[in-house]
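In: quick check, what structure comes out for this input:
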Amino acid sequence: MLKVIYDNEDPNVQLSGSWKPLGGETEFNGTTSLTTQPGASAKFTFEGSFVAVYGTVEPVSYTNGTSLITTYSLDGSAPQQYNGTSVASTLTAPTFNQLFYESPVLEDGPHELVVKYEGAGLRFYIDYFLVTPPLRSLSNSSSPTLEMIEDTDSRVTYSDSGWAIDQDKPSTHRATNSGSTATVSFTGTYIAAFGSVNASQGVSDITFSFDDGPPQLPMLPMSVQPQQSILSHQLYFQTPRLQGGKHNLTIRARKSNPDFYLDFFLIEPLSSPTATGASGAGTVPHISGSSGAGESRSGEGRSSEIGGIVGGVVGGTLCLIILGALVFWLWRKQQRKPYNGLGLPIQRLYSPRSAVGSIEPLNMAVASNGGYSMHLSTPISTTCPSSLSISASNDPFSTSTHSSPNTLVSSPWLDPPDYNIPPPAYRKSNYR
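Out: Numbering: from 1, shown residues only. Down below sits the predicted model:
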């Protein structure tokens, strides 16, 4: 993925010295890095042909500091100084997205920028770094190969007398009349448009029409703060993945003020390793740190989000239905089991198998003991592994030997009752 904006917390940014993480909703990704320690530094490594540093400036009245001075050294060159003291002294509230430093156009490739705080007391906030991405990434062979179309390229046509080459920035075209248009024609699968913003005036009133479609408003990564600066290399527009072939993009200035400066375009030609012709597959060179362009990209994002939400709802509903069915089946299974008074399942008891393998139910006889009626089972003649003994007296814990050593004698404590027979009718006791 191509990157234009690198946040202060990006791995490519290495802080040295005393820094404190802060941030608010008006800052990129809601984060900033703050220092008041002289000599504290931030080293930023990147690939591309341009870099700029943005941050936040507070009013002098917020602290007891006296100066806000920072230096910027690119690829080991002599440091350049930015003095933000005069800016801070005129403020009554913090200003965000303040330009601290921007490089000239660099040779496309890897670079290193070292930022150092040299102030006295005034707080220094780094928010993000703005980079013009490389035309061909040296660290990632799978990245798309891009081609830069300058504003002076023959593939860019301008309406008559509607544009002028800006004297302060010779590499840009400035719209001079309302209704002025600039159209670029290309063959490829992606395009992004870059320009400059006059921060003292605000964002220009322009539209972009792709392949003669409806006009779309520009996109900027952050809101433009009033400051006496021309903000260069700002991303105004980009497309999603396109069908491989010939395309055109038209820029129209609806008003001549605020100024609009057209700088350059980045396209992915069909010769790129990731461009796959009419299929439109492959890696989209979407520039991170900013939203998509126009209705095409926003509609595509909404569709994927809705699909994910619907899939999650359906999956969750199915899981609940299956879980409910399992709980109901277990409940029904439990209800079918009969239980006795002790809360234990009732098991039907049978006498041992006979010689021919038949199963005989236990036969119960009624006996009377001291006026109480009880059921006693009749003796069951069956072979036992050893002689058993039971009580012949009224003491159920005393024992006596059977007259037949291998005959099991019935006893109310050995033979469980048959639960198919209704309970006995108890008589009144004779005892007083």
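
In: got phi/psi on residue 165?
Out: Dihedral angles of residue 165 (phi, psi; degrees, to the nearest 10) stand at phi -70, psi 120.

In: ok, residue 257 next?
Out: According to degrees, to the nearest 10, residue 257 has phi -140, psi 130.

In: quick one, what contacts it?
Out: For residue 257, the contacting residues are residue 201, by C-beta atoms under 8 Å, 6 or more residues apart in numbering. In this view, the C-beta of every residue, glycine as well, is placed from N, C-alpha and C.

In: just to be sure, residue 319 is in a strand?
Out: No: in this structure, residue 319 is helix, not part of a strand, as judged by DSSP: H, G, I helix; E, B strand; the rest coil.

In: and for it, the neighbour number?
Out: 10 (other C-beta atoms under 10 Å).

In: tally of neighbours for residue 161?
Out: Other residues near residue 161 come to 9 when the count uses other C-beta under 10 Å.

In: pLDDT score assigned to residue 379?
Out: pLDDT for residue 379: 51.

In: got the residue ranges for the strands in the stretch 1-150 of the chain?
Out: Using DSSP state E, counting those that start in this stretch, the strands of the stretch 1-150 of the chain run over residues 5-7, 13-16, 20-22, 32-35, 41-48, 50-57, 69-74, 80-83, 95-102, 109-117, 124-132, 147-150.

In: list the neighbouring strands of the third one plus their orientation.
Out: If I follow you right, that is strand 20-22. Using DSSP bridges, the strands paired with strand 20-22 are strand 32-35 (antiparallel).

In: host element of residue 328?
Out: Using DSSP states H and E, residue 328 maps to helix 294-335.

In: quick check: mean pLDDT of that helix?
Out: Helix 294-335 shows a mean pLDDT of 66.

In: do the same with stretch 7-19
Out: For stretch 7-19, the mean per-residue pLDDT is 96.

In: now it: buried residues?
Out: Neighbour counts using 16 or more other C-beta atoms under 10 Å place 7, 8, 10, 13, 15, 19 of stretch 7-19 among the buried residues.

In: then stretch 89-98?
Out: By neighbour count on 16+ other C-beta under 10 Å, the buried set for stretch 89-98 is 91, 94, 95, 96, 97, 98.

In: how about exporting that stretch as PDB, limited to the C-alpha atoms?
Out: Extracted in PDB, the C-alpha atoms of stretch 89-98 (Å, rounded to 0.1, in the frame of the first residue of the first chain):
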ATOM      1  CA  SER A  89       3.000  35.000  20.000                       C
ATOM      2  CA  THR A  90       0.000  36.000  17.700                       C
ATOM      3  CA  LEU A  91      -2.200  33.100  18.700                       C
ATOM      4  CA  THR A  92      -5.000  33.000  21.200                       C
ATOM      5  CA  ALA A  93      -5.800  29.300  20.700                       C
ATOM      6  CA  PRO A  94      -3.800  26.400  19.400                       C
ATOM      7  CA  THR A  95      -3.400  26.100  15.600                       C
ATOM      8  CA  PHE A  96      -3.300  22.600  14.100                       C
ATOM      9  CA  ASN A  97      -1.700  21.200  10.900                       C
ATOM     10  CA  GLN A  98       0.900  23.900  11.000                       C
END
